[in-house]
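A.B. asks: Need coordinates for the following:
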Amino acid sequence: MSNKIIIAIDGTSSTGKSTIAKRLAKRLNYVYIDSGAMYRALTFYAIQKEYISKTHFESNKLINDIPNIYIDFKQNKETNKFEVHLNGVSVEKHIRSLSVSNLVSKIASIGKLRKPMVKIQHFLGSNKGVVMDGRDIGTVVFPNAELKFYLDASSELRAKRRFKELVDANHDISYNEVLNNIILRDKQDISRKNSPLRVASDSIVIKTDDISLDQLENKLFSYVTPLLSKK
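C.D. replies: Numbering: from 1, shown residues only. Here you go, the predicted model:
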């Protein structure tokens, strides 16, 4: 019997989900899957095709185009990191922009678009040994995951973290723009009809406001060890 498990990490944006999921995956020699990157890649595709903008969203066109869209993760041989690929091309450098951030919640709210993404996520996690983060991993994608976490922090702190990331990546953006985007995305993620952001009944809720990444990693790992010893 395999001693590998599925670890689901959900929560609001910019709480450190992706960073800590990557660290846990590396520590456990597991596969890390950024579900949010999949929706960002889909959003980037829709923007490129002009299916979506701030003023319009032709969801039917994107839904009909799904058979022509393939999203997966491939390891970058130079950085040794897994990157999201859209139709065979890495789009990792393009999907973190504010233009994508402002529209991704609209894409993620459409059930007919979520369904094929969840199908891919199920396939990627079929052999376990996976750490996956997102908004509905513990509630919808892997409701039977052996271990579930929900990370949260104040809007202001999350905006500061995200603002620093964007500035470091040479994006011309203001703190208020980032804060407003954080607040808007929270509202959209929590209120959407399809797979809304919520805390699974068996999730371990952790506030990340006053904790370092090392402390957070060790805290999450302390919950992993007992489960692995039981396998």
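A.B. asks: Sheet-wise, list the partners of the helix-or-strand element of the chain with minimal mean pLDDT with their directions.
C.D. replies: In the chain, the helix or strand scored least confidently by mean pLDDT, DSSP states H and E is strand 71-75, which has a mean of 85. Strand 71-75 sits in its sheet next to strand 82-86 (antiparallel), going by DSSP bridges.
A.B. asks: which residue ranges form the helices in the protein?
C.D. replies: 17-28, 35-48, 59-65, 98-108, 111-124, 155-168, 175-191, 213-230 (DSSP state H).
A.B. asks: Let me know which of those is tucked in deepest.
C.D. replies: For these, the largest average neighbour count (mean count of other CB atoms under 10 Å) is found in helix 35-48, namely a mean of 23. Glycine gets a C-beta too; all of them are placed from N, C-alpha and C.
A.B. asks: export that one as CSV, just CAs?
C.D. replies: Backbone C-alpha positions of helix 35-48 (Å, rounded to 0.1, in the frame of the first residue of the first chain) are rendered in CSV as follows:
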residue,chain,number,x,y,z
SER,A,35,-4.9,24.9,-9.5
GLY,A,36,-5.1,28.7,-9.6
ALA,A,37,-2.5,28.8,-12.3
MET,A,38,-4.8,26.7,-14.4
TYR,A,39,-7.6,29.2,-14.2
ARG,A,40,-5.1,32.0,-14.8
ALA,A,41,-3.9,30.3,-17.9
LEU,A,42,-7.4,29.9,-19.1
THR,A,43,-8.0,33.6,-18.4
PHE,A,44,-4.9,34.5,-20.3
TYR,A,45,-6.1,32.5,-23.3
ALA,A,46,-9.5,34.3,-23.1
ILE,A,47,-7.8,37.7,-23.0
GLN,A,48,-5.6,36.8,-26.0
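A.B. asks: how near is residue 122 to residue 228?
C.D. replies: 23 Å (CB to CB, to the nearest Å).
A.B. asks: is it true that residue 83 touches residue 95?
C.D. replies: No - at 9.8 Å, residue 83 does not count as touching residue 95 under the criterion of CB atoms under 8 Å.
A.B. asks: Good, wrapping up.
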